[in-house]
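J.: Provided below for reference: sequence and predicted model.
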Amino acid sequence: MPKITINGKEIEFQKGMTILQACDLADVEIPRFCYHEKLSIAGNCRMCLVEMEKSAKPVASCAMPAAEGMIIKTNTEFVEKARKGVMEFLLANHPLDCPVCDQGGECDLQDQSLYYGVDKSRFSENKRDVKDKYMGPLIKTQMTRCIHCTRCVRFATEVAGVPEIGAIGRGENMEITTYLENSMKSELSANVIDLCPVGALTSKPYAFEARPWELKKTESIDVMDAVGSNIRVDTYGWEVKRILPRINEDINEEWISDKTRYACDGLLKQRLDVPYIKKGNKLEKSNWDEAIKLISEKIKKLEPSEVAGHIGDMCSIETIYAFRRFFENLKSTNLEIREKKFFINPQEKLNYLFNSSIVGIEKSDLILLIGCNPRHEATMVNARIRKAFVKNKVPIYSIGNPGDLTYEYKIAGDRSEDIKNIFEEKNEISKILKKAKKPMVIIGESALETKSGGFIFEGFKEFLNNNGFINEKWNALNVLIQNASTVGGLDICSSFFEIQDNFSFFDKLENKKFKFLYLLGSDNLNIKKENEFIVYQGSHGDRGAEIADIILPGAAYTEQNGLFSNLEGRVQECRKASYPAGDAKEDWKILSLISEKIDNKKLFKSFEVLRNEAIKEIKNFSQINQLPDFKKSNSKKIQFSYTPEKIDIKKLDYYYSNSICRSSKTMSDCRLNNKSFLKDGTNN
């Protein structure tokens, strides 16, 4: 490996690195504003100047490639004078409004001016004033503070795939703006707030809420979708003030979706804080003793076959396991984790996972989308696909029309006959797939919802198996799950599913076979209530609570500890950052209280016991934060019938996908701002 000398210390570096990256390897801190490791090099702030031997002038370390034998100095008087000169120019037009700037305490300019700033200015001219721009309901602008680092411009173009931000004007009149002064049409738009090194772009919903040193910071994970993005939850007292991304190169890198970041204000609205019982067709406030007594009396009068339970989209593995144990004690097998009828084969775990892994997208040389829209169903997966498309020029094909996906793709059909032709090698895609070394087939829930769902899944599994694309080194079969609780729920409750009769729960529900229905955080299940007695346990007064006879207030995901298995089977911990509202309790405690009332036995002695038992039930579990440990596939081949039909990609109401989002004012503003979501709750 080539070597470079930095401050008298010889360092080995990889070919292609810049001087700044080599300095990072040497643990030498270089100030920077425009440089960001995930974005292209701009080299326009000049803050990263260093001294290079045999160079009369300082060089910009972010843009200068490192070379064998270079001698670099970063801490000389020459370098310090150069950086101070750059800082003086940067501050020439910067307003002195740190006390009222939301970036105060987390501002790169503030931190670096402490070391390189001067106590007086040599500029006698008036500071320039730039008109603030409208960038939507999420981004607050004060463009007078802008130092033209262009991080936001590069992010929008390169990562988000929406080239809507750019620079207009020249010299002192240059301004960063959205070209038509509209909001960014991207689900990743608010990441520019984290990227901005000054206070030019700040968070509009969070404005003047708190200072960073006042907040308690809790490392956790997101449950708005099945990706499991790593986040930090910042709380003031019991109130969640904001959510920020945590770096995890295997999942979300350092970005999060706008829904992940801003749905948190829904945690304060429409909360259930006391039990309710329906009396005379009207819900009235009650207490825990009365509610639990009524539930236990109802259950005791019914046969196990008449009792059913449905698990919602944001339930942890421990909660699901406690619910399963609760139903096992009742001797009922009517338990369901899916919100709609889509085919699942629970024989083995790889049948419902994103097996190639999220980071594996960058290793792929061909991507075939089957009935899915990654942009709305798994935003961070879509961002990774775009990264593979931009960097590696990966060809992307789709069966079904997903709409705008921020990258180019070719529609290879929209009917189940087109998929059948792939299996029978009558389609051009068959040849393209066979030629690929590491192809990815991503099957969405919309394809699995069709009458041919079983045929599509099992057919692709057989096709990929026969062509050697499912092995220990690479598994090209991927299912794009939408909800955070689905993979963990399928692990824990797989014994309740039948492969051939995949929708027995839904059929019984439609045929009114159940007299008692327990909704555990379930707000998206389509129920036409008649004479069923419905118990709803959850955190928000949403769709499930509207039809319930008894409402039990539970805790939201930020208010209880829990494990979640993301779409690639990686088990991660969601940590308690706040406390349940009012008299609400953690979900497993409520189930334990009801169980104790029915048969005088607690479900679990403690949460630790519950977690240890639940972990043992997770299929192919390796360890926390690791991908599952797979052995060779040994599931039996299953034949399913084929039905000629069109594959319509179901439109997800992105900003209203769960009870927390529907309670969020910010998500409502985003939905109104993006009017394409309003018609019939779709984005069509």
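T.: Noted; the coordinates are in hand.

J.: what bits of this protein have low per-residue confidence?
T.: In the predicted model of the chain, residues 631-636, 676-684 satisfy pLDDT under 70.

J.: okay, which residue is most central for it?
T.: Per C-alpha atoms, centre = their mean, the C-alpha nearest to the average position across the chain is that of S229, at 4.3 Å.

J.: Contacts only, for that residue.
T.: When contacts are counted by C-beta atoms under 8 Å, 6 or more residues apart in numbering, S229 is found next to I221, D222, P245, N248, I251, N252, I256, S257, T260, M380. C-beta here means a position set from N, CA and C on the backbone, and glycine is covered the same way.

J.: let's go with 7 Å and repeat that
T.: With contacts taken as C-beta atoms under 7 Å, 6 or more residues apart in numbering, S229 has the following neighbours: I221, D222, P245, I251, N252, I256, T260, M380.

J.: Was I right to think I11 contacts A22?
T.: Yes. Taking contacts as C-beta atoms under 7 Å, I11 lies within contact range of A22: 6.0 Å.

J.: Now do the shared contacts for the two.
T.: Overlap of the contact sets of I11 and A22 (by C-beta under 7 Å, 6+ apart) consists of I4.

J.: So for these two, which sits in the more crowded spot?
T.: The residue with more neighbours, out of I11 and A22 and counting by other C-beta atoms under 10 Å, is A22; that gives 27 against 19.

J.: In a helix, that one, correct?
T.: Yes. A22: assigned to a helix according to DSSP: H, G, I helix; E, B strand; the rest coil.

J.: In contact with it, which residues?
T.: With contacts defined as C-beta under 7 Å, 6+ apart, A22 is in contact with I4, I6, I11, F13, A66.

J.: any chance of the residues you listed in a markdown table, with secondary structure and distance to K140 too?
T.: Formatted as a markdown table, the contacts of A22 follow (DSSP: H, G, I helix; E, B strand; the rest coil; distance: C-beta to C-beta, whole Å):
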| residue | secondary structure | distance to K140 |
| --- | --- | --- |
| I4 | strand | 42 |
| I6 | strand | 40 |
| I11 | strand | 42 |
| F13 | coil | 40 |
| A66 | coil | 39 |
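
J.: okay, the residues you listed in CSV with distance to F621 next?
T.: As requested, the contacts of A22 are arranged in CSV below (distance: C-beta to C-beta, whole Å):
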residue, distance to F621
I4, 44
I6, 44
I11, 40
F13, 39
A66, 43
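
J.: In ChimeraX, how would I select the buried members of the residues you listed?
T.: What follows is the ChimeraX syntax selecting those of the contacts of A22 that are buried according to 16 or more other C-beta atoms under 10 Å:
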select :4,6,11,13,66
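
J.: Out of the contacts of A22, which is nearest to T333?
T.: F13 (60.6 Å; C-beta to C-beta).

J.: Isn't that closest one up against I4?
T.: Yes. When contacts are counted by C-beta under 7 Å, F13 is listed as touching I4 (5.8 Å).

J.: who touches both of the two?
T.: Common neighbours of F13 and I4 (C-beta under 7 Å, 6+ apart) are A22, A66.

J.: need the contact list for S622.
T.: Applying C-beta under 7 Å, 6+ apart, we find S622 in contact with P628, D629.

J.: In which helix or strand does it reside?
T.: For S622, there is no enclosing helix or strand under DSSP states H and E.

J.: any idea how far the residue nearest to the centre of the chain is from K259?
T.: Applying C-beta to C-beta, to the nearest Å, one obtains 10 Å for the distance of S229 from K259.

J.: what about the helices in the stretch 551-684 of the chain?
T.: Using DSSP state H, counting those that start in this stretch, the helices of the stretch 551-684 of the chain run over 587-599, 607-617, 659-662, 665-673.

J.: Go through these and name the closest to D491.
T.: Distance to D491, taken as C-beta to C-beta, is lowest for helix 607-617 among the helices of the stretch 551-684 of the chain, at 6.7 Å.

J.: any idea what sits nearest K665, other than its immediate chain neighbours?
T.: Once flanking residues are discounted, K665 sits nearest to D265: 5.9 Å by C-beta to C-beta, 6 or more residues apart in numbering.

J.: For Q347, which of the helices of the stretch 551-684 of the chain is the nearest?
T.: The stretch from the helices of the stretch 551-684 of the chain with the least distance to Q347 (C-beta to C-beta) is helix 607-617; that distance is 16.1 Å.

J.: From the rest of the structure, what touches the closest one?
T.: Residues external to helix 607-617 that are found in contact with it (C-beta under 7 Å, 6+ apart): I317, E318, Y321, A322, D491, I492, N561, W588, F604, F621.

J.: tell me the contacts of the fourth one?
T.: Residues in contact with A322, defined by C-beta under 7 Å, 6+ apart, are W588, L591, L603, F604, L610.

J.: hmm, which two among these are most spread apart?
T.: Between any two of the contacts of A322, the greatest separation by C-beta to C-beta is 10.0 Å, found for L591 and L610.

J.: Those two: who's more crowded?
T.: Here L591 and L610 are compared on neighbour count by other C-beta under 10 Å; more neighbours surround L591, at 26 against 22.

J.: Which single one of the contacts of S229 is nearest to E125?
T.: For the contacts of S229, the minimum distance to E125 (C-beta to C-beta) is 39.3 Å, reached by P245.

J.: Got phi/psi on that closest one?
T.: With angles defined as degrees, to the nearest 10, P245 shows backbone torsions of phi -80, psi 150.

J.: Using a markdown table, lay out the contacts of S229 together with distance to K282, neighbour count and secondary structure.
T.: As requested, those are exported to a markdown table (distance: C-beta to C-beta, whole Å; neighbours: other C-beta atoms under 10 Å; DSSP: H, G, I helix; E, B strand; the rest coil):
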| residue | distance to K282 | neighbour count | secondary structure |
| --- | --- | --- | --- |
| I221 | 39 | 27 | strand |
| D222 | 37 | 30 | coil |
| P245 | 44 | 22 | strand |
| I251 | 46 | 25 | coil |
| N252 | 45 | 26 | coil |
| I256 | 41 | 29 | coil |
| T260 | 37 | 26 | helix |
| M380 | 43 | 24 | helix |
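
J.: of all the residues you listed, which comes closest to A56?
T.: Proximity to A56 was ranked across the contacts of S229 by C-beta to C-beta; first place goes to P245, at 42.1 Å.

J.: Please point out which parts of stretch 342-362 sit buried.
T.: Within stretch 342-362, the residues scored as buried using 16+ other C-beta under 10 Å are 342-358, 360-361.

J.: Tell me the buried residues in stretch 195-212?
T.: For stretch 195-212, a neighbour-count test (16+ other C-beta under 10 Å) marks 195-206, 209 as buried.

J.: In helices, which of those residues fall?
T.: When those are checked against helices (DSSP state H), the matches are L195.

J.: between the buried residues of stretch 195-212, which is nearest D549?
T.: Using C-beta to C-beta, P205 is the member of these that lies nearest D549, at 35.9 Å.
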